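A structural model of the following input is requested.
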Amino acid sequence: VQLVESGGGLVQPGGSLRLSCAGSGFIFSRYDMSWYRQAPGKERELVAGLSSVGAMRNYADSVKGRFTIYRDNAKNTVYLQMNSLKPEDTAVYYCKARLAALNADYWGQGTQVTVSS
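Numbers count the residues shown, from 1 in each chain. Alright, predicted model coming up:
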C-alpha cells in the first residue's frame with residue numbers, strides 16, 4: 001500500500017496550490033480519503049474529507065470556502081485545491097485513506113506547504 005503526495009511548495013499569501021495524492025496497492029475507490037495537516041509545534045488536524053463515492057465532504061472551519069477536496073477514482077488520486085492561502089496554512093499536508101469496515105488507515109509521507117511573502 002502506498003500513498004504519494006505531491007504539489008506542495010512555497011506560495012505567497014493569496015496564492016493557490018493543488019495537492020495530489022496517488023494511491024496504489026489497495027482498492028482506492030472503496031476508501032474514504034482525507035487531507036490532514038500538521039504545523040510545527042501543533043497537533044495534526046483534519047483539513048478535508050471525502051467519502052469513497054464522493055457524495056459526502058467535510059471541511060475544517062478554517063478552510064471552508066477556500067479549499068476543495070475531490071477525487072478521480074479512475075486515476076486513484078485525491079486532490080486538494082487550496083485558494084486564498086494564508087500564512088497560517090503553512091504545514092506539512094498528509095493524505096489518509098480509510099476503510100472503516102476493516103478499520104484500515106493508510107497515510108502518505110506528507111508534502112510541505114509554506115505560505116510566505
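
return the residues in contact with the closest residue to residue 63 other than its chain neighbours.
With sequence-adjacent residues excluded and distances taken as Cβ to Cβ, 6 or more residues apart in numbering, residue 63 is closest to residue 47, at 5.8 Å. C-beta here means a position set from N, CA and C on the backbone, and glycine is covered the same way. Applying Cβ atoms under 8 Å, 6 or more residues apart in numbering, we find residue 47 in contact with 34, 35, 36, 37, 59, 60, 63, 67, 80, 93.

how far away is residue 47 from residue 90?
Separation of residue 47 from residue 90 (Cβ to Cβ, to the nearest Å): 13 Å.

where's the residue nearest the centre of the chain, which helix or strand?
Residue closest to the average C-alpha location in the chain (Cα atoms, centre = their mean): residue 35, at 2.7 Å. Assessed by DSSP states H and E, residue 35 sits inside strand 32-38.

so what's the residue count around the residue nearest to residue 8 when sequence neighbours are not counted?
Closest residue in space to residue 8, ignoring its immediate chain neighbours: residue 111 at 3.4 Å, by Cβ to Cβ, 6+ apart. Counted with other Cβ atoms under 10 Å, residues neighbouring residue 111 total 22.

cool, residue 68 as well?
For residue 68, the count of nearby residues is 16 (other Cβ under 10 Å).

distance of it from residue 78?
According to Cβ to Cβ, residue 68 stands 11 Å off from residue 78.

could you do residue 28 as well?
Using Cβ to Cβ, one gets 8 Å for the distance from residue 28 to residue 78.

compare neighbour counts for these two and give me the winner.
residue 78 (31 against 21).
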